[in-house]
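>>> From the sequence below, what's the structure:
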Amino acid sequence: MPLSEFNRWLSRYKSAWEKLDPRRATALFTQDARYFETPFSEPLEGIEAIYNYWSAATGNQANVQFTNPALTDRRP
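Numbering: from 1, shown residues only. Just a heads-up that it's a prediction; the model follows:
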């Protein structure tokens, strides 16, 4: 995926999280997606599992501010 496309995706992910909106979040994934909450956890499989996770997770959150490091496609 080109970096510019990834940055657009990440911007939509940020918006979904800050708005605590599981529908917006799951719209970013395919029906057969695998979602890893952490690199070491078992993946959630499928859009329904991802939606259920996001619904539960965002139900306990408030005032989310999503930040991410600057990404570039420049090589040293």
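
>>> tell me which element the residue nearest the centre of the chain falls in.
With distances taken as Cα atoms, centre = their mean, the residue of the chain nearest its centroid is Y13 (4.6 Å). Using DSSP states H and E, Y13 falls within helix 3-18.

>>> Need the mean per-residue confidence for that helix.
The average pLDDT within helix 3-18 is 91.

>>> I figured T58 was touching R24, is that so?
No - with contact defined as Cβ atoms under 8 Å, T58 does not count as touching R24 (10.3 Å). (Glycine included, C-beta is placed from N, CA and C.)

>>> contacting residues around A25?
13, 16-17, 50-51, 54 (Cβ atoms under 8 Å, 6 or more residues apart in numbering).

>>> Need the residues you listed in CSV (columns: distance to E42).
Output for the contacts of A25, formatted as CSV (distance: Cβ to Cβ, whole Å):
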residue, distance to E42
Y13, 21
A16, 22
W17, 21
I50, 13
Y51, 17
W54, 17
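
>>> measure K19 to A27 for me?
Per Cβ to Cβ, to the nearest Å, K19 is found 12 Å from A27.

>>> still on that earlier bit, buried stuff in the next helix or strand after the helix holding Y13?
Downstream of helix 3-18, the next assigned helix or strand under DSSP H and E is helix 22-26. For helix 22-26, the neighbour count (16 or more other Cβ atoms under 10 Å) marks 22, 24-26 as buried.

>>> wait, which of the residues you listed is closest to P39?
A25 (18.9 Å; Cβ to Cβ).

>>> confidence score at that closest one?
95.

>>> still on that earlier bit, ok now do the residue nearest to the centre of the chain, which residues does it touch?
Y13 neighbours (Cβ under 8 Å, 6+ apart): 25, 28, 66.

>>> Over to W54?
With contact set as Cβ under 8 Å, 6+ apart, W54 has these partners: 16, 22, 25-26.

>>> mind checking which helix or strand it is in?
Judged by DSSP H and E, W54 forms part of helix 47-59.

>>> what comes up buried for that helix?
Across helix 47-59, burial judged by 16+ other Cβ under 10 Å covers 47, 50-51, 53-54, 58.
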